[in-house]
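A.B. asks: Please find the sequence and the predicted model below.
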Amino acid sequence: MKPQEICSVQLDYPVQADSGIHGGHISHEYHVRSSLEEDFVDYCTQCGTFSKEETPKMCSRCSASPQKIASVEIAHTFHLGTKYSEALGAKFQGKPFYMCCFGIGVSRLLPATIDLLSVSDKALRLPRAISPFDAVIIVKKSLMSNVIVEMTSSSASRYLKGGILLDDRIEMSPGKRIHEANRLGIPFIIVLANETERSLVTQEPVIEVFTTHPKSADPVDQGSMTLDRFVSFVQSQLYGSYSNLDHLHVLDELGAAGDENGPQK
Ligand SMILES: [Zn+2]
């Protein structure tokens, strides 16, 4: 079974389910592994079948004993067929529509994603697509009115469209603010402090850059770089390997290794 993907979060366990009052022929629940233990799926390590039984006996396909995996259901799809189109007389070229409906559990998706990508309760991790900010710019008091702040913001905005937060809490040290930005899981943390101040007398002022990544609680120090270099760095992170690598990392964590807690693909 091929894993499916949405917003870099793997929908690892599609499970055939009861269509319930919605009717129709087939429905599927979509689960991600979750320590929240909101729900569960049964996974057959022999043939790769996913199922969901209150009292699991054996795999419906190969009779092996399924393994129970704690999960949370984040979506449900229904093949409704012609149940509603026939009732409503909704036709196309004389035939009733074949209908499907797809529901994503937005309120569950957020905690499930955080649970999946975060390894510490002190450092939130979200995919960049749903992170509240793409980047934060932390500015030292003496640089607040310097043109470098505007130049940095402008450079960051060229490729980061998800919002740039200016952290101007100058009463707080840059180090403490980096710590807080890491806790929020902001993907790019840009610091205008001592290094920048020293570099302003040169032709090429620099900024300090940190990044945060899924499955890691600490920020990664990317070093000092010029604004031109920063723009290239952001491009490489966005369109190079950043999102893909993050996703592959999650795939590994979820089961590619075939550990005792998860399925082998
Ligand atoms: Zn089986």
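C.D. replies: Yep, it's here.

A.B. asks: how about stretch 120-136: buried residues?
C.D. replies: 123-128, 131, 133-136 (16 or more other CB atoms under 10 Å). Using the backbone N, CA and C atoms, a C-beta is placed for each residue, glycine as well.

A.B. asks: can you tell me the distance between the two ends of it?
C.D. replies: 21 Å (CA to CA, to the nearest Å).

A.B. asks: what pLDDT, on average, does that stretch get?
C.D. replies: Taken as a whole, stretch 120-136 has an average pLDDT of 90.

A.B. asks: So what's the gap between it and the chain middle?
C.D. replies: 9 Å (CA atoms, centre = their mean, to the nearest Å).

A.B. asks: pLDDT weak spots in the stretch 51-200 of the chain?
C.D. replies: Applying pLDDT under 70 to the stretch 51-200 of the chain flags residues 54-56.

A.B. asks: what about the helices in it?
C.D. replies: For the stretch 51-200 of the chain, the helices defined by DSSP state H, counting those that start in this stretch cover 83-88, 106-117, 147-159, 174-184, 194-199.

A.B. asks: For the ion, which of these is the nearest?
C.D. replies: Across the helices of the stretch 51-200 of the chain, the ion has its closest neighbour in helix 106-117 (25.4 Å, CB to the ion).

A.B. asks: May I have that closest one as PDB, with CA atoms only?
C.D. replies: C-alpha atoms of helix 106-117 as PDB (Å, rounded to 0.1, in the frame of the first residue of the first chain):
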ATOM      1  CA  VAL A 106      -9.200  20.200  10.900                       C
ATOM      2  CA  SER A 107      -9.500  20.300  14.700                       C
ATOM      3  CA  ARG A 108      -7.900  16.900  14.900                       C
ATOM      4  CA  LEU A 109      -5.300  17.500  12.200                       C
ATOM      5  CA  LEU A 110      -3.500  20.200  14.300                       C
ATOM      6  CA  PRO A 111      -2.900  18.200  17.500                       C
ATOM      7  CA  ALA A 112      -2.100  15.100  15.400                       C
ATOM      8  CA  THR A 113       0.500  16.900  13.300                       C
ATOM      9  CA  ILE A 114       2.100  18.500  16.400                       C
ATOM     10  CA  ASP A 115       2.200  15.100  18.000                       C
ATOM     11  CA  LEU A 116       3.700  13.500  14.900                       C
ATOM     12  CA  LEU A 117       6.500  16.100  14.300                       C
END
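
A.B. asks: Run through the neighbouring helices and strands of it.
C.D. replies: Contacts defined by 3 or more CB pairs under 8 Å, 6 or more residues apart in numbering; DSSP states H and E place helix 106-117 against strand 9-11, strand 26-33, strand 67-81.

A.B. asks: looking at those, which is closest to residue 185?
C.D. replies: Nearest to residue 185 among those is strand 9-11 (14.2 Å), distances taken as CB to CB.

A.B. asks: Next SSE downstream of that closest one?
C.D. replies: Tracing the chain past strand 9-11, the next element assigned as helix or strand by DSSP states H and E is strand 13-17.

A.B. asks: Can you tell me which helices and strands that next one packs against?
C.D. replies: In terms of contacts (3+ CB pairs under 8 Å, 6+ apart), strand 13-17 is packed against strand 26-33, strand 39-43, strand 50-51, strand 67-81.

A.B. asks: Compile those strands into a markdown table and extend it with columns for distance to the ion and mean neighbour count.
C.D. replies: As requested, these are exported to a markdown table (distance: least, CB to the ion, whole Å; neighbours: other CB atoms under 10 Å):
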| stretch | distance to the ion | mean neighbour count |
| --- | --- | --- |
| strand 26-33 | 17 | 21 |
| strand 39-43 | 9 | 22 |
| strand 50-51 | 9 | 20 |
| strand 67-81 | 11 | 19 |
